[in-house]
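Visitor: This is a predicted model, with the sequence first.
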Amino acid sequence: MTTTPQLPTPTAPARTTPSPALDVAAVDAQLHNRNLRSAAVIAGVLDAGLLNHAGRPDRLPTALFPDVPEDAVQAIWNMALVVGIWAGKAMLRPQWNPAMLDRLRDALDEAGYQAMGASVATAAQCGRGQHTDEDLPWWGDEQ
């Protein structure tokens with residue numbers, strides 16, 4: 001026959017020690033550095049994708065669009081990034097959007113998490129259009 005051991009009965013509540021003051025700057029730095037590491041991993045995947053697309057390293061310079069003005073290349077890159085983010089959002093997290101990121105940025109800033117707030121602000125800005133449709137030429141409409 002099996003017996004259940006007798007559990008001790010609590011006699012007094014356990015003493016709680018006061019928690020040390022939170023060093024927001026240290027937490028901000030550590031969490032932001034973890035996110036930077038993740039961003040570096042994503043950058044590595046994008047770099048590998050560029051090479052995979054180009055086929056050989058000597059073809060990589062053509063990915064820079066040497067005959068296109070730098071502002072146009074940046075606008076194209078921004079649009080492609082927004083499209084990629086939108087696709088990921090549509091598949092995984094439909095509630096992700098710049099307005100939500102603005103709220104999260106504000107919360108981080110108000111709590112003193114400056115590096116993380118700035119990073120979230122950068123992500124939120126990526127989803128906002130910097131040009132109107134009238135600013136960008138249609139493909140083949142160059143004059």
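Guide: Received it, and whenever you're ready, just let me know what you need. Since this is a predicted model, take the numbers as computed values, not measurements.
Visitor: which secondary element of the protein has the worst mean pLDDT?
Guide: helix 70-92 (a mean of 77; mean pLDDT, DSSP states H and E).
Visitor: Please spell out which residues along that one are buried.
Guide: For helix 70-92, the neighbour count (16 or more other CB atoms under 10 Å) marks 75, 78, 85 as buried. For the C-beta atoms, the positions are set from N, CA and C on the backbone; glycine is no exception.
Visitor: out of these, which one sits closest to residue 112?
Guide: Closest approach to residue 112 among those (CB to CB): residue 85, at 27.4 Å.
Visitor: helices or strands next to the strand or helix carrying residue 46 in the packing?
Guide: Element membership of residue 46 [criterion: DSSP states H and E] is helix 24-54. Judged by 3 or more CB pairs under 8 Å, 6 or more residues apart in numbering; DSSP states H and E, helix 24-54 is in contact with helix 114-126.
Visitor: which of the residues in the helix it packs on are buried?
Guide: By 16+ other CB under 10 Å, the buried positions in helix 114-126 come out as 115-117, 119-121, 124.
Visitor: Likewise for stretch 20-36?
Guide: Quick answer for stretch 20-36 (16+ other CB under 10 Å): 28, 32.
Visitor: In PDB, could you pull the C-alpha coordinates for that stretch?
Guide: What follows is stretch 20-36, C-alpha atoms only, in PDB (Å, rounded to 0.1, in the frame of the first residue of the first chain):
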ATOM      1  CA  PRO A  20      16.100  46.300  -6.400                       C
ATOM      2  CA  ALA A  21      15.500  49.400  -8.500                       C
ATOM      3  CA  LEU A  22      15.100  48.600 -12.100                       C
ATOM      4  CA  ASP A  23      17.900  50.000 -14.200                       C
ATOM      5  CA  VAL A  24      15.900  50.900 -17.300                       C
ATOM      6  CA  ALA A  25      18.900  52.000 -19.300                       C
ATOM      7  CA  ALA A  26      20.600  48.600 -18.800                       C
ATOM      8  CA  VAL A  27      17.500  46.600 -19.700                       C
ATOM      9  CA  ASP A  28      17.000  48.900 -22.700                       C
ATOM     10  CA  ALA A  29      20.600  48.300 -23.900                       C
ATOM     11  CA  GLN A  30      20.500  44.600 -23.400                       C
ATOM     12  CA  LEU A  31      17.200  44.000 -25.100                       C
ATOM     13  CA  HIS A  32      18.000  46.400 -28.000                       C
ATOM     14  CA  ASN A  33      21.400  44.600 -28.500                       C
ATOM     15  CA  ARG A  34      19.500  41.300 -28.700                       C
ATOM     16  CA  ASN A  35      17.300  42.900 -31.400                       C
ATOM     17  CA  LEU A  36      20.300  44.200 -33.200                       C
END
